[in-house]
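J.: compute the structure for the input listed below.
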Amino acid sequence: MELFVYQHNWLLYIAAFACAFSICLLTTPFAKRMSYKFGAIDYPKKRGLHKEPIPRMGGLAIVLGFVLTMAILAPFKEEILTMQFLGFIGGALIIVLLGMVDDVYNLGAKLKFGVQILAAVVVVATGTTIDIVTWPIPAYLDAISIPFTIVWIIGVTNAVNIIDGVDGLAAGVSSICAATIMILCVLTGSPLAVALMAALVGSCLGFLPRNFNPAEIIMGDTGSTFLGYVLAVSSILGVFKSYALLAVLIAVLCIALPIMDTAFAMIRRAIAGKPIMGADRGHLHHRLIDHGFSQKQTVLILYAVSAICGTLAILIAVQNIYAITVAAVFFMVMVAISYVYKKRIDAAREQPPQ
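T.: Next up is the predicted model:
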């Protein structure tokens, strides 16, 4: 595979990361004040982990970090002034407004789903679509290109929203996913997608200092759905448009943790006869905590899982079978070690005190 096909402006990418990081870090207190002002407060609930009310519109800082960075970079990046990018921003604004209203009023699932469809339609109407896949079989999507793209955008948007259940989890996992996509786009992808992901990584990491356990603010739907939306559209611009081989598999692996958690949640609820869009305490992070891990340990474990999946996506993209084999063996060994470690912890807890 030929690498570095595009001419990359590394200084611009570094500036995008630093700018987004700084803006998000500085505007998080503003987002906290706005949360209290509009009543966007997350109160303790049965399936939740917070014992005290906490502001939940922190995602506004992530949005400001990302959007203001793009505005600053606009004079230096011609692709930002295209109709395709304007469609991306238009859809993002719809997602953000929906998230802000939901953080205040707790909207119904059907209404949110309908508005998310509208945002996805704005994206595809301005030229961003998935036109071809080659896995599991080669196929031009043709007539189903638009619905396939809409499903992808809505699916990833809600996947990130679903994993936002533990302090620092959604921001950290999203930064790992964005970094993975950024590396793929550096190899053979779109320079615009690289800039988008650099800004998104910066925004996520700028939010983490006040969001990591114990959090003083959470991102709410304003942040989680925005992160999912940006990851979904950027993966179309960078991964689907650049990798003819195993495009779907690579894209899924980039965002594997939220996608797998969402898929299992939908299957679990369907089997139990519950609403698919409902809420429960069966997510992976809940299960880890219920098995005795602390919130910090749970988040770090899921960070590691996300990083391993992202690494595997990169190795598949560069088509190095030896590296893929080593990574797969390493992953299985880590799973075995984690299993044995957890068994020993459980055994130690069950022993009566001396």
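J.: relative to residue 239, how far out is residue 288?
T.: Per CB to CB, to the nearest Å, residue 288 is found 29 Å from residue 239. Quick note: C-beta positions are derived from backbone N, CA and C, even for glycine.
J.: ok, residue 232 next?
T.: 11 Å.
J.: residues in contact with residue 170?
T.: The contact partners of residue 170, by CB atoms under 8 Å, 6 or more residues apart in numbering, come to 160-161, 163-164, 219, 223-224, 227.
J.: 7 Å instead?
T.: 160, 163-164, 219, 224, 227 (CB atoms under 7 Å, 6 or more residues apart in numbering).
J.: and residue 288 and residue 239? Which one has more around it.
T.: Neighbours per residue (other CB atoms under 10 Å) separate residue 288 from residue 239, with residue 239 holding more: 28 against 19.
J.: in a strand, residue 299, correct?
T.: No. Residue 299 is assigned helix when assessed by DSSP: H, G, I helix; E, B strand; the rest coil, not a strand.
J.: pretty sure it is touching residue 166, no?
T.: Yes. Counting by CB atoms under 7 Å, residue 299 does reach residue 166; the two are 5.7 Å apart.
J.: these two touch, right, residue 177 and residue 253?
T.: No. Residue 177 is beyond contact range of residue 253, at 9.8 Å (criterion: CB under 7 Å).
J.: higher neighbour count, those two?
T.: residue 177 (33 against 24).
J.: can you tell me the closest non-neighbouring residue to the more buried one?
T.: Excluding the flanking residues, the one nearest residue 177 by CB to CB, 6 or more residues apart in numbering is residue 255, at 4.9 Å.
J.: give me the neighbour count for that neighbour.
T.: 29.
J.: how about the contacts made by it?
T.: Residue 255 sits in contact with 156, 159, 177, 231, where contact means CB under 7 Å, 6+ apart.
J.: and the first one, how far from residue 254?
T.: In other words, residue 156. Residue 156 is 10 Å from residue 254, by CB to CB.
J.: one more: the third one?
T.: Separation of residue 177 from residue 254 (CB to CB) stands at 6 Å.
J.: find the residues that touch each one of the two.
T.: Joint contacts of residue 177 and residue 254 (CB under 7 Å, 6+ apart) are residue 310.
J.: where do the helices sit along the stretch 101-250 of the chain?
T.: With DSSP state H, counting those that start in this stretch as the criterion, the stretch 101-250 of the chain has helices at 109-125, 145-162, 169-188, 191-211, 220-235, 247-254.
J.: off-centre distance for the fifth one?
T.: To tie it back to what came earlier, the one meant is helix 220-235. Its chain's average C-alpha position is 6 Å from that of helix 220-235, according to CA atoms, centre = their mean, to the nearest Å.
J.: packing partners of that helix?
T.: helix 59-73, helix 83-105, helix 145-162, helix 169-188, helix 191-211 (3 or more CB pairs under 7 Å, 6 or more residues apart in numbering; DSSP states H and E).
J.: pull the CA atoms of that helix into CSV?
T.: Output in CSV follows, covering the C-alpha atoms of helix 220-235 (Å, rounded to 0.1, in the frame of the first residue of the first chain):
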residue,chain,number,x,y,z
GLY,A,220,-24.8,15.1,28.4
ASP,A,221,-26.5,14.5,25.0
THR,A,222,-25.1,17.8,23.8
GLY,A,223,-21.6,16.3,23.8
SER,A,224,-22.2,12.6,23.3
THR,A,225,-24.4,12.8,20.2
PHE,A,226,-22.1,15.5,18.8
LEU,A,227,-19.1,13.3,19.2
GLY,A,228,-20.9,10.4,17.6
TYR,A,229,-22.0,12.5,14.7
VAL,A,230,-18.6,13.9,14.0
LEU,A,231,-17.0,10.5,14.2
ALA,A,232,-19.6,9.0,11.8
VAL,A,233,-19.3,11.7,9.1
SER,A,234,-15.5,12.0,9.4
SER,A,235,-15.2,8.2,8.9
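J.: pull out the buried residues from it.
T.: Buried residues in helix 220-235, defined by neighbour count with 16 or more other CB atoms under 10 Å: 220-235.
J.: again, but for the longest one
T.: Residues of helix 191-211 classed as buried: 191-208, 210-211 (neighbour count, 16+ other CB under 10 Å).
J.: contacts only, for residue 39.
T.: Taking CB under 7 Å, 6+ apart, one finds residue 104 in contact with residue 39.
J.: confidence-wise, which helix or strand of this protein is lowest on average?
T.: Using mean pLDDT, DSSP states H and E, strand 139-140 stands out as the lowest-scoring helix or strand of the chain, at a mean of 60.
J.: ok, back up a step: okay if I get the helices and strands packed on helix 220-235 as a markdown table plus mean pLDDT?
T.: Conversion of the helices and strands packed on helix 220-235 to a markdown table gives the following (pLDDT from 0 to 100):
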| stretch | mean pLDDT |
| --- | --- |
| helix 59-73 | 95 |
| helix 83-105 | 94 |
| helix 145-162 | 90 |
| helix 169-188 | 87 |
| helix 191-211 | 93 |
